[in-house]
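Colleague: below are the sequence and a predicted model; questions follow.
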Amino acid sequence: MGEVYSAGDVVVTVAGLFDVNPSTIEYNYKYAHEYQRGIKRNPRGWRMGAKEMDGKITLPLDVIAQIELAAPNSDIALIKPFPINVTFANTENVLINDVIFAKFTGNGRNVTADGELEKELELFVLDIKLHVSI
């Protein structure tokens, strides 16, 4: 029988804080694509453009408060870009380590009646490196 993995099996470091325990972290990249068209305007090929990256992370408010204390004027958007390390084991127990180089775009609070004290923060992603050796 296979093993079950969850978010609790993922270790994430942000801005020098070890294992910030995010609810979610998402990072993506894609390349702009365009058709190259022939005489009858039918696609005959393609070309690839710039790499576009984005990301977001949902952190507990107590972790955000720790980051705010270290930020200039308590504004996390003013923190210079930093590495985010995401480490987890895949289903074959192979350790995967990705590094995202990003910064926060803003800040805020999300306090709900269901007791979830966390906030989803948008990341301005400068680079994504997958399968980085540890």
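Modeller: Right, received. Where do you want to start? Numbering: from 1, shown residues only.

Colleague: okay, CA-based contacts and neighbour counts for the rest of this
Modeller: Noted.

Colleague: who are the packing partners of the biggest strand by length in the chain?
Modeller: What stands out as the longest strand in the chain, according to DSSP state E, is strand 43-60. Applying 3 or more C-alpha pairs under 8 Å, 6 or more residues apart in numbering; DSSP states H and E, we find strand 43-60 packed against strand 24-37, strand 118-129.

Colleague: adjacent strands (with direction) for the last one?
Modeller: This means strand 118-129. Each strand paired with strand 118-129, and its direction, by DSSP bridges: strand 43-60 (antiparallel), strand 95-104 (antiparallel).

Colleague: will you turn those into TSV that also has distance to residue 25 and mean pLDDT?
Modeller: Listed next are these as TSV, based on distance: least, C-alpha to C-alpha, whole Å; pLDDT from 0 to 100:
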stretch	distance to residue 25	mean pLDDT
strand 43-60	4	92
strand 95-104	11	92
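
Colleague: out of those, deepest packed?
Modeller: Mean neighbour count (mean count of other C-alpha atoms under 10 Å) peaks for strand 95-104 among the strands paired with strand 118-129, with a mean of 20.

Colleague: now do that strand: everything it contacts.
Modeller: Contact with strand 95-104 is made by 27, 76-90, 121-134, as judged by C-alpha atoms under 8 Å, 6 or more residues apart in numbering.

Colleague: just stretch 114-128 next, same as before
Modeller: In contact with stretch 114-128 (C-alpha under 8 Å, 6+ apart) are residues 27-29, 53-61, 98-111.

Colleague: out of the strands paired with strand 118-129, nearest to residue 18?
Modeller: strand 43-60 (12.9 Å; C-alpha to C-alpha).

Colleague: after that closest one, next one along is what?
Modeller: Using DSSP states H and E, the helix or strand that follows strand 43-60 towards the C-terminus is helix 61-70.
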